[in-house]
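> kindly generate the corresponding structure for this input.
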Amino acid sequence: MPKESKSDKITYEHRISRVNDFLCSGKTAEEIWLFVNNKNAMLKAFDAPIWDVSIDMVYKYVQKCYSNWAEYLKKERLTRLEGYIAKKDFLYEMAISKGLVKEANEVLDSKAKIEGIWVDKVSFTNSEGNDINNIEIKIQKREDIPNE
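Model (predicted):
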């Protein structure tokens with residue numbers, strides 16, 4: 001197999017995009033490698049692109065796709081989370097401005113659930129089934145939400 005040459009950034013991004021499409025259609029890295037190197041006689045009929053890359057390079061493209069997906073989903077989740085929190089802040093301000101203290105507290109409780117710091121009421125019992133009253137509970141934010 002000839003030595004691989006480094007592709008330019010545009011070619012690299014195009015290949016990542018194509019590999020992404022292949023992955024979304026359920027193809028494996030091996031199937032992608034066969035297709036892009038035109039190794040399968042059946043695929044030659046489809047005039048498949050010839051990238052002349054190793055299977056290891058295809059695995060790198062696949063890994064980059066997975067990394068892109070993870071980054072996108074993290075940003076999407078944070079965007080949605082910030083949107084929910086902003087809505088809760090607005091509802092809280094509306095409730096306070098109208099003197100609706102009970103509703104304001106409910107909004108704060110639901111905001112705490114979204115932020116991951118809400119703990120539902122639980123009862124602790126010992127092995128005999130008796131309630132245990134003096135338990136210290138530490139509440140921490142979830143680690144996957146950045147602390148900014």
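
> the top helix by length along the chain packs against which elements?
Longest helix in the chain, counting residues (DSSP state H): helix 55-97. The helices and strands touching helix 55-97, judged by 3 or more C-beta pairs under 8 Å, 6 or more residues apart in numbering; DSSP states H and E, are helix 9-24, helix 29-36, helix 101-115. Where C-beta positions appear, they are placed from N, C-alpha and C, glycine not excepted.

> hey, which of the ones you listed is tucked in deepest?
helix 29-36 (a mean of 19; mean count of other C-beta atoms under 10 Å).

> got the angle for the longest helix of the chain vs helix 9-24?
Angle, helix 55-97 to helix 9-24, by axes from the mean of the first three to the mean of the last three C-alpha atoms, to 10 degrees: 80 degrees.

> now do helix 55-97, average pLDDT.
Averaging pLDDT along helix 55-97 yields 89.

> ditto for stretch 129-142
61.

> repeat for stretch 102-110
88.

> before we move on, back to that, could you check the angle helix 101-115 makes with the longest helix of the chain?
Going by the same axes, to 10 degrees, helix 55-97 makes 170 degrees with helix 101-115.

> please find the angle between the direction vectors of helix 55-97 and helix 29-36.
Using the same axes, to 10 degrees: helix 55-97 against helix 29-36 is 120 degrees.

> rewinding a little: any chance of the helices and strands packed on helix 55-97 in a markdown table, plus distance to Trp69?
Shown next, in a markdown table, are those (distance: least, C-beta to C-beta, whole Å):
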| stretch | distance to Trp69 |
| --- | --- |
| helix 9-24 | 8 |
| helix 29-36 | 15 |
| helix 101-115 | 24 |
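
> among those helices, which comes closest to Leu73?
Smallest distance to Leu73 across the helices and strands packed on helix 55-97 (C-beta to C-beta): 13.8 Å, for helix 9-24.

> tell me which strands and helices that closest one is in contact with?
So helix 9-24, by 3+ C-beta pairs under 8 Å, 6+ apart, packs with helix 29-36, helix 55-97.

> and the first one, what does it pack onto?
For helix 29-36, the contact count by 3+ C-beta pairs under 8 Å, 6+ apart identifies helix 9-24, helix 55-97 as packing neighbours.

> could those go into a markdown table alongside distance to Asn105?
As requested, those are exported to a markdown table (distance: least, C-beta to C-beta, whole Å):
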| stretch | distance to Asn105 |
| --- | --- |
| helix 9-24 | 45 |
| helix 55-97 | 9 |
